[in-house]
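Enquirer: Have a look at this prediction, sequence included:
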Amino acid sequence: MIPMVGVISVRHWPRSRSFRLWIPLFLLWILLLPLAILALPIFLVVCLIARVNPLEAMATFWAILSGCRDTHIEINNQDALVLIRIL
Amino acid sequence: MNEHRRQILEMLATGKITADEAERLIAALEKSDSPLSSGGGTSSSAAKPKYLRVLVDSNDSGDPYHGPVKVNIRVPMQLLRAGVRLAGLIPAQAREHVNEALREKGIPFDINQIRPDNLEELVDQLSDLTVDVDVNGNPSEKVKVRVFCE
């Protein structure tokens, strides 16, 4: 399943300044869907030029998109914490 | 193996062996069973790892402004597998360019060798890898990089 929400969280330790940003990716996918349909012929042409199976390419892109789910990146030092999560 | 156990118990019941001997035999039987079950189970019954975890822990005491840095990255294995599949989609000419660019950077790596089977082999072998890195050749500024699958 493709990721639905992205979370970016930044915290600063000494002043306890922090923010957490929830990015509703599902809205992004809804917005991108018409664009993707419009871009489909161009994608097919590019696949033909590059001699790549378009179905295989689409399956791979879908797998990459689905694979992003549950990614967790956390960078932490004594001043701040940056957390990126894809849910 | 239950048959062996039953034979031991029958020998005990008929008085051919004492209770201590039976206990020792059963213990030996269990010991001989365990490597078989664990070795055979690694490929079939053991759970496949879901994530590749990279932990970077620096005890960088030389930087008074930022201090030690900790990095914790969890990448789903599904994403790595998809990435390997993506490498297979790169056209042959582009692959040559990539290989050339890698060679120029001092990385003698052939991108044609990236296959899903190779990734699975790597994951099987990568139980827990720890690398100590000296920053700028200074042993006091150590960075510990731990890579493992979970």
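Expert: Good, I have the coordinates.
Enquirer: So which residues of chain A form helices?
Expert: For chain A, applying DSSP state H gives helices covering A:25-50, A:54-67.
Enquirer: a markdown table for these, including mean pLDDT, mean neighbour count and distance to chain B?
Expert: In short, each C-beta sits where N, CA and C put it, glycine included. Shown next, in a markdown table, are these (pLDDT from 0 to 100; neighbours: other Cβ atoms under 10 Å in any protein chain shown; distance: least, Cβ to the nearest Cβ, whole Å):
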| stretch | mean pLDDT | mean neighbour count | distance to chain B |
| --- | --- | --- | --- |
| helix A:25-50 | 93 | 12 | 5 |
| helix A:54-67 | 92 | 16 | 3 |
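Enquirer: Which of the ones you listed sits closest to B:E120?
Expert: Across the helices of chain A, the minimum distance to B:E120, taken as Cβ to Cβ, is reached by helix A:54-67, at 15.3 Å.
Enquirer: quick one, domains of chain B?
Expert: B:2-41, B:51-149 (automatic domain parsing).
Enquirer: just so I know, which of these lies nearest chain A?
Expert: Among the domains of chain B, domain B:51-149 comes nearest to chain A, with 3.1 Å by Cβ to the nearest Cβ.
Enquirer: Now do the end-to-end distance for the closest one.
Expert: One end of domain B:51-149 sits 6 Å from the other (Cα to Cα, to the nearest Å).
Enquirer: cool, and stretch B:11-24?
Expert: Start-to-end span of stretch B:11-24 (Cα to Cα) is 13 Å.
Enquirer: That one: which residues count as buried?
Expert: Of all the residues in stretch B:11-24, those buried under the rule 16 or more other Cβ atoms under 10 Å in any protein chain shown are B:L12, B:I17, B:A22.
Enquirer: And the host helix or strand of B:E121, what does it pack against?
Expert: Using DSSP states H and E, B:E121 maps to helix B:116-125. Judged by 3 or more Cβ pairs under 8 Å, 6 or more residues apart in numbering or on different chains; DSSP states H and E, helix B:116-125 is in contact with helix B:77-89.
Enquirer: mean confidence for whatever helix or strand comes next after the helix it packs on?
Expert: Per DSSP H and E, the first helix or strand lying C-terminal to helix B:77-89 is helix B:92-104. For helix B:92-104, mean pLDDT is 88.
Enquirer: How far off centre is helix B:92-104?
Expert: Its chain's C-alpha centre and that of helix B:92-104 lie 29 Å apart, by Cα atoms, centre = their mean, to the nearest Å.
Enquirer: now the angle between helix B:77-89 and that helix, please.
Expert: 110 degrees (axes from the mean of the first three to the mean of the last three Cα atoms, to 10 degrees).
Enquirer: Residues contacting helix B:92-104, please?
Expert: Residues from elsewhere that reach helix B:92-104, judged by Cβ atoms under 8 Å, 6 or more residues apart in numbering or on different chains: B:I90, B:P108, B:F109, B:D110, B:I111, B:N112.
Enquirer: Near chain A, which residues of chain B? Just list them.
Expert: B:50-51, B:65-76, B:78-83, B:85-86, B:88-89, B:91 (Cβ under 8 Å from any Cβ of the partner chain).
Enquirer: Show the buried residues in those residues.
Expert: For the residues of chain B next to chain A, a burial check counting by 16+ other Cβ under 10 Å picks out B:51, B:69, B:71-76, B:78-83, B:85, B:89.
Enquirer: Which SSE is immediately downstream of the least confident helix or strand in chain B by mean pLDDT?
Expert: Using mean pLDDT, DSSP states H and E, helix B:19-41 stands out as the lowest-scoring helix or strand of chain B, at a mean of 63. Next helix or strand after helix B:19-41 toward the C-terminus (DSSP H and E): strand B:51-58.
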